[in-house]
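Enquirer: Sequence plus predicted model, see below.
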Amino acid sequence: MLRYILEHLLYRTRSLRRQGPTLLLVYLCLITLVSTQCSRNEDRAYARGSTVTIALPDFSVLLPDDTDADFLVFLPLATLDENGELEGRLAKSWEHSGDYREWTYHLRTDIRWHDGNPVTAHDVKFTLDLLSHPDVLESPHLSATVLDDSTLTIISSREHYYQADIVYYPKHLLEHLEPKEFWDWQFWREPVGNGPYRFVRHLPQTMIEFEANPDYYRGKPRIDRVVLKFVGKAGLSELLGGNVDVIELNPAQIPQFAADPRFRVYYKEPNFAGGVAIYWQHNNPLFRDPRVRRALTLSINRRELLQVFNLPENLPLFDGPITPRQYHRRQLPEPITFNPERARSLLDAAGWHDPGGDGIRERDGQAFRFTAIASTGPSLLNSDKLAVYIQAQLLQVGVHMAIQTMDGTVVWGRLEAGEFDAALMVVQSGPHWYQRYFGEHSPLGYSNPEVIKLIDQAIATADPNETDRIYRELMGIFRVEQPITYLHPFTTSYIVHRRIQGLSTPFRADPLQYMADLWLEDEH
């Protein structure tokens, strides 16, 4: 019937064009209303009412750190707001020591576990002790002391303490369980939390269902139910078939959604400032000269790379170490810009020329040819595809890069052993990671005493202001020496049905993490 009405209205607009714009406008509005109703009646997502279904690939229980799904059920002490500042959850206030290693938290007293028991500082200490247990070893650098039921101190032995990364578990339900069986506890299949959603049922290898917690301290969430559906590799077909509302997918698949009005694409930038880079082997004579490494960086059009791989065009680019806070606040220097002419001049100055005119530069009879290793498979890094793009870019300045693809674990092994010319791999942001790859025993063959000193200083401090200062100095050195070429930061892409409202790119894009703040478009 709706289709008949729509066809009739479309027919009538042809005869109304001569009868005045007002009447025509009324009919056009009716067409929009009816066509929207038609599309909604045909879209299975609307039939789910106030239930949101999220596709997850390959997990069947709510294990810690498997996904962000634990934020549905459990609360951290604090989370990060859109400015990268701490915003309280379990904690209503806090203070820290001058060196930022000791934090005192004052907990809210109106938060309860889903079974009705109050959440106390003893739960926080229990969780940290549990995660530090030798059979678990999730967070061994944190220790806690309870001052009273709603107050405790946490001391960190590491340089960074990310309160927003840890959620807390109920002591009264878990204290008698064996830590050595931590990963197999039945609790992860039937979790009892303190967050915005509470467990309803679990169908093994199929789904977990949650309902809005009416006693949530910030008020009952507006979306009544959340279903985590385990779909394996079928996420895309499940979304297009109307069976789920949200999938996380490879950016290469995004273009097919560009013209589909049912969906929106959101990009999440992580709280850590990591990404993908090309590691150069400095023991290889090709890459010993910093002018050459800078030339290779100048040869790669990273802004175009973002477009080619369907990443946000305004994604920040950087050329050296940055802290998560600097990244979140966009406190970054202007990135090195694509400049192939400058790259050619630097290669000429370094003695690399093309006397034979075959398009490949030479020096002292050696052609500028090398092999880059990259991981295969459906990885969010896309390193094998990135390698193909970079290969074409470098060829434009007379450098030939062959590509060897292999399993990601093999790439890591080769990188750790220093057995590579160039490698496309992950970049992280912590000073221990920089010490591992740019410190005294660098597998890259890179050596700079000032870099080693600054990394040691970063490891020794927990003061974020001091860490920012150290990283700014490291950035200055890296921009000159280019020991690696940073390609792009990490992002996670979500395709979300348009009926889900309240998400935004880049820091509120994860439906699992922000479900309590979302609503559906039909709500008034």
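Expert: Thanks, I have the structure now.
Enquirer: residue contacts, P179?
Expert: Counting by C-beta atoms under 8 Å, 6 or more residues apart in numbering, P179 makes contact with L130, H133, D135, V136. For every residue, glycine as well, the C-beta is placed using N, CA and C.
Enquirer: which residues touch the closest residue to T120 other than its chain neighbours?
Expert: With sequence-adjacent residues excluded and distances taken as C-beta to C-beta, 6 or more residues apart in numbering, T120 is closest to D149, at 4.6 Å. Residues counted as contacts of D149 (C-beta under 8 Å, 6+ apart) are P118, T120, A121, H122.
Enquirer: So which of the residues you listed is the closest to E87?
Expert: A121 (19.6 Å; C-beta to C-beta).
Enquirer: For that closest one, give its distance to G357.
Expert: 74 Å (C-beta to C-beta, to the nearest Å).
Enquirer: and those two? which has more neighbours close in?
Expert: A121 (23 against 6; other C-beta atoms under 10 Å).
Enquirer: so who does that one touch?
Expert: Contacts of A121 by C-beta under 8 Å, 6+ apart are Y105, L107, A144, V146, L147, D148, D149, S150, T151, L152.
Enquirer: among those residues, which are in strands?
Expert: Taking DSSP state E as the definition of strands, the contacts of A121 contribute Y105, L107, A144, V146, L147, D148, T151, L152.
Enquirer: re the thing from before, of the contacts of P179, which count as buried by neighbour count?
Expert: Buried members of the contacts of P179, counted by 16 or more other C-beta atoms under 10 Å: L130, V136.
Enquirer: low-scoring pLDDT stretches of the stretch 51-200 of the chain, where are they?
Expert: Within the stretch 51-200 of the chain, the ranges that satisfy pLDDT under 70 run 59-61, 65-67, 138-140, 159-164.
Enquirer: Would you map the strands across it?
Expert: 51-56, 78-80, 86-88, 91-96, 102-107, 142-148, 151-156, 197-203 (DSSP state E, counting those that start in this stretch).
Enquirer: Name the residues of the last one that are buried.
Expert: Spelled out, it's strand 197-203. Y197, R198, F199, H202.
Enquirer: Same question for the third one.
Expert: Neighbour-count burial for strand 86-88, with 16+ other C-beta under 10 Å as criterion, is recorded at G88.
Enquirer: hey, where'd the helices end up in the stretch 201-350 of the chain?
Expert: 235-240, 290-298, 302-308, 324-329, 340-349 (DSSP state H, counting those that start in this stretch).
Enquirer: Out of those, which gets the lowest mean score?
Expert: The weakest mean pLDDT among the helices of the stretch 201-350 of the chain belongs to helix 324-329, with a mean of 86.
Enquirer: closest to I452 among the contacts of D149?
Expert: Of the contacts of D149, the one sitting nearest to I452 (C-beta to C-beta) turns out to be A121, at 40.4 Å.
Enquirer: For S375, the count of nearby residues, please.
Expert: So S375, with other C-beta under 10 Å, has 22 neighbours.
Enquirer: Excluding sequence neighbours, find me the nearest residue to it.
Expert: G408 is the one closest to S375 (C-beta to C-beta, 6+ apart), at 3.7 Å.
Enquirer: For that neighbour, report the pLDDT, please.
Expert: pLDDT, G408: 87.
Enquirer: Test my guess that it contacts A374.
Expert: No: look at G408 against A374 with C-beta atoms under 8 Å: they stay out of range, at 9.1 Å.
Enquirer: more neighbours, these two?
Expert: A374 (25 against 17).
Enquirer: thinking again about what came up before, could you report the distance from the residue nearest to T120 to H122?
Expert: 7 Å.
Enquirer: Equivalent analysis for V426, please.
Expert: Counting by C-beta to C-beta, the gap from V426 to H122 is 38 Å.
Enquirer: Kindly report the same for H328.
Expert: 32 Å.
Enquirer: Those two - which one has more neighbours?
Expert: Higher neighbour count among H328 and H122: H328, with 23 against 17, using other C-beta under 10 Å.
Enquirer: Number of residues surrounding the closest residue to that one other than its chain neighbours?
Expert: Nearest residue to H328 in three dimensions, chain neighbours excluded: G84, at 3.4 Å (C-beta to C-beta, 6+ apart). G84 is flanked by 16 other residues according to other C-beta under 10 Å.
Enquirer: Equivalent analysis for L520, please.
Expert: L520, neighbours per other C-beta under 10 Å, totals 21.
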